[in-house]
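> Give me coordinates for this.
(chains A and B)
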Amino acid sequence: METHEGVFKSRFENIPFGVKRSFQQVNSTITFEFRRNVKNIFISIGIAIGVFLLSFIVNLISESRGVESPTTASGYAASYLSLVGFFILIIAVLYGGTIIALDYDKQTGNLLFPKITKGRLFIGRIIARYLLSAFAVTVFYIVTAITTVIKYKILPVEIWASWGWALFYTFLVLSMVTFFSSFLKKSSTTIVISLLMVLLVFNMGTMILRVTGIEIEPLFFLTYYGNIISASLDMPVDRFGEVPLGPGPDSPTGFQWLTPSATGAAAGMLIYSTVFLVAAYFLFRRRQQK
Amino acid sequence: MTEKNEEIVISLRNLTKKFGDFTAVSNFSLDVKRGEIISLLGPNGAGKTTNMKMISRLLLPTEGEVWIRENGDLQRLTAQNKDALLDQIGFLIENPTFYDHMTPKQILSYFAKLKGYPKKKIPERIEEVLSWVKLSEWIDKKIGTFSKGMKQKLGIVSAILHDPQILVLDEPQTGLDPKARREIRKLLVNLKHKGKTIFLSSHLLYEVSEISDRIAIINNGKLIAYDTIENLETITQDSILKIELLKLPEDTGQKRAQLESLIKPITGSKNGSGTVLFNPDNKIFEVRFDGSLEKQHEILKKLTKENIDVVDFSVPRTNSLEDLYISLVSGVTNLTLENQGGAS
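From the prediction side, this is the model:
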């Protein structure tokens, strides 16, 4: 075997340390994560198209049964967003479920450290997986926009705002899933707990507030922020209202917050995701391989 | 903080690691010199992996320091210089597990970039290191299809990829079949010939005895011995010499007594009576002696002079090391590190 002194020396001439090394490692991690998630990219595009097609079919059936189409293009676009919160949740668990837990579950972390620090790996992965999640959400908005343009010959400007809120909400949900992934043992547990939190716990919380008549704005419920995605297509909307508490026309009504203000949503989502990510990072940093 | 010392490439100084009330490593000091293969030997839970993790900063020591040579100077490993110092070392800590759906080329390319290896040279380097472990044909195959031995080799390859001068390998041969273990052993010796310094942990005594220049024995988090195998055997005064005769005598008891009368006065053993034993399982006579080469030579000369038809005369390093290891770990033999030349 020959020696590699030449390669070794030239390598050292080019080595960036400190901040430059951090950027280089974060950048390499982002590229690697894209490659690692190729299969998930196709799955997420499939889910985006699938969710769109479900709404499209529902709209087609409604029209065939004589229900009038919305009068505005933005109203029509909004009809595709009834499942957007659920869609974003699925995308977030797809990319976030394995973000940390997998390396401990399958012990793949043994080879990563100390080649890269946990901080740099964490930042690189969050960026990469957020970009991939945002791409899937964008695909959903692109097909919705194309369908709206074909039907109404116009692209409602409000769709840009809705898209922006959807991307923001995606970051929030991904942060939550990352938080669970940072301390739960398995990726599958992370996915189940994340789904339960959003679909059960937060929705139950909203229901409890409604029946008890408490009028505090539920900024502490993550799902509340998702309402602004479709509401932004039809501004101004009622921020709260009376909703029936049970079935039937005689059912009593209760007070419910419907959508956050733009400022409240932006601040709340920023604080929420920051808390999730900071907590996730510190839990990840303390976590040891088996 | 730097020091001038041309020989030592890693210096562990009074390393202590506590997990709550439990002390995993206690006051552990050891120097690794350039070009050596040093093996850290100890039972499960002795503190081997904890030490490896402290060198790699995966764990921070409760007390003590790790010093690593970089650009000719020994430097204390800190948060500020960890990038530069840890680039000098290739690590394989615990079982290497890969993302099954990826290929060696994809994974190794990522690792090389993390270590700042020149981008243009990465493909060539990956092909080169894979050829060392005969995995060239698997470069684009999914790792999920690999055997455990192939994954272990890939783990070692990932440690040497960026061409570090020092390798720290935690149990690199554990769980491998004999063929794969031999290949790994050969690879480590080749790397040593290329000038690499290797610090490995193991509980596979044979593997260690075949390739190590010096052995460090750790038990309950404490370094209890650190020297060459020969010196350790001399200190423990407890090596076994195996003698196989051309023809097995009918009365093995008589032969044993004859051999003992010839050899016993010159064994130098401090273990009292029963110097020569007959092992009926392998039909071999075993002689306890002090482990020195001089005594070994003297015994052979005596047997030849007395026309004893010896066909095999050897000191199996595994057995002697095993005896040594067990006696040290169980506390039968007490060594003070000051007695040993290699101790830091």
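> Pull the residues that contact stretch B:23-33.
Stretch B:23-33 has contacts (C-beta atoms under 8 Å, 6 or more residues apart in numbering or on different chains) with B:7-18, B:38, B:47, B:50-51, B:54, B:61, B:63-64, B:166, B:197, B:199, B:216, B:218, B:220-223, B:226, B:343-344. All C-beta atoms are positioned from the backbone trio N, CA, C, and that covers glycine.
> CA-only coordinates of that stretch in CSV, if you can.
The C-alpha coordinates for stretch B:23-33 follow below in CSV (Å, rounded to 0.1, in the frame of the first residue of the first chain):
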residue,chain,number,x,y,z
THR,B,23,-17.5,5.9,38.5
ALA,B,24,-17.1,4.4,35.0
VAL,B,25,-13.5,5.5,34.6
SER,B,26,-11.2,6.4,37.4
ASN,B,27,-8.0,8.4,37.1
PHE,B,28,-7.0,6.8,33.8
SER,B,29,-3.7,7.8,32.3
LEU,B,30,-2.1,6.4,29.2
ASP,B,31,0.2,7.5,26.4
VAL,B,32,-0.1,6.2,22.8
LYS,B,33,3.1,6.5,20.8
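> Run a quick neighbour tally on B:K247.
7 (other C-beta atoms under 10 Å in any protein chain shown).
> For it, give me its contacts.
Here B:K247 is in contact with B:D309 (C-beta under 8 Å, 6+ apart).
> For B:T304, see how far away it is.
Computed as C-beta to C-beta, to the nearest Å, the B:K247 to B:T304 distance reads 17 Å.
> Only C-alpha atoms, please: export the one helix or strand B:I156 maps to in CSV.
Using DSSP states H and E, B:I156 maps to helix B:148-160. Extracted as CSV, the C-alpha positions of helix B:148-160 are listed here (Å, rounded to 0.1, in the frame of the first residue of the first chain):
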residue,chain,number,x,y,z
LYS,B,148,-22.2,-8.2,9.2
GLY,B,149,-18.5,-8.6,8.3
MET,B,150,-18.9,-6.3,5.3
LYS,B,151,-20.6,-3.7,7.4
GLN,B,152,-17.8,-3.9,9.9
LYS,B,153,-15.2,-3.4,7.2
LEU,B,154,-17.2,-0.5,5.9
GLY,B,155,-17.2,0.9,9.4
ILE,B,156,-13.4,0.8,9.5
VAL,B,157,-13.2,2.2,6.0
SER,B,158,-15.3,5.2,7.2
ALA,B,159,-12.8,5.8,9.9
ILE,B,160,-9.7,5.8,7.6
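> helices or strands next to it in the packing?
Helix B:148-160 is packed against strand B:89-92, helix B:104-114, helix B:122-132, strand B:166-170, helix B:178-193, with contacts defined by 3 or more C-beta pairs under 8 Å, 6 or more residues apart in numbering or on different chains; DSSP states H and E.
> sec struct for the residue positioned nearest the centre of chain B, please.
In chain B, the centroid-proximal residue (C-alpha atoms, centre = their mean) is B:S39; its distance is 2.6 Å. Under DSSP: H, G, I helix; E, B strand; the rest coil, B:S39 falls in the strand class.
> contacting residues for it?
B:200-202, B:208, B:211-212, B:214-216.
> Now, the residues you listed that are in helices?
Among the contacts of B:S39, the members found in helices (DSSP state H) are B:208, B:211.
> hmm, back to that, for the helix holding B:I156, which positions count as buried?
For helix B:148-160, burial by neighbour count (16 or more other C-beta atoms under 10 Å in any protein chain shown) applies to B:149-160.
> again with stretch B:47-62
B:47-59, B:61.
> So for it, mean pLDDT?
What stretch B:47-62 shows for mean pLDDT is 91.
> ok, A:F168 - how many residues close by?
Neighbour number of A:F168 under other C-beta under 10 Å is 18.
> do the same with the one 4 residues further on
Residues near A:L172, counting by other C-beta under 10 Å, number 22.
> For the spatially closest residue to A:T253 that is not a sequence neighbour, list each beta-bridge partner.
Distance criterion C-beta to C-beta, 6 or more residues apart in numbering or on different chains; nearest residue to A:T253, sequence neighbours excluded, is A:E242 at 4.0 Å. Under the criterion DSSP bridges, A:E242 forms beta bridges with A:F255.
> Pretty sure A:E242 sits against A:G254.
Yes: under the criterion of C-beta atoms under 8 Å, A:E242 makes contact with A:G254 at 6.9 Å.
> ok, the two, which is more surrounded?
Taking neighbours as other C-beta under 10 Å, A:E242 and A:G254 compare with A:G254 leading, 18 against 11.
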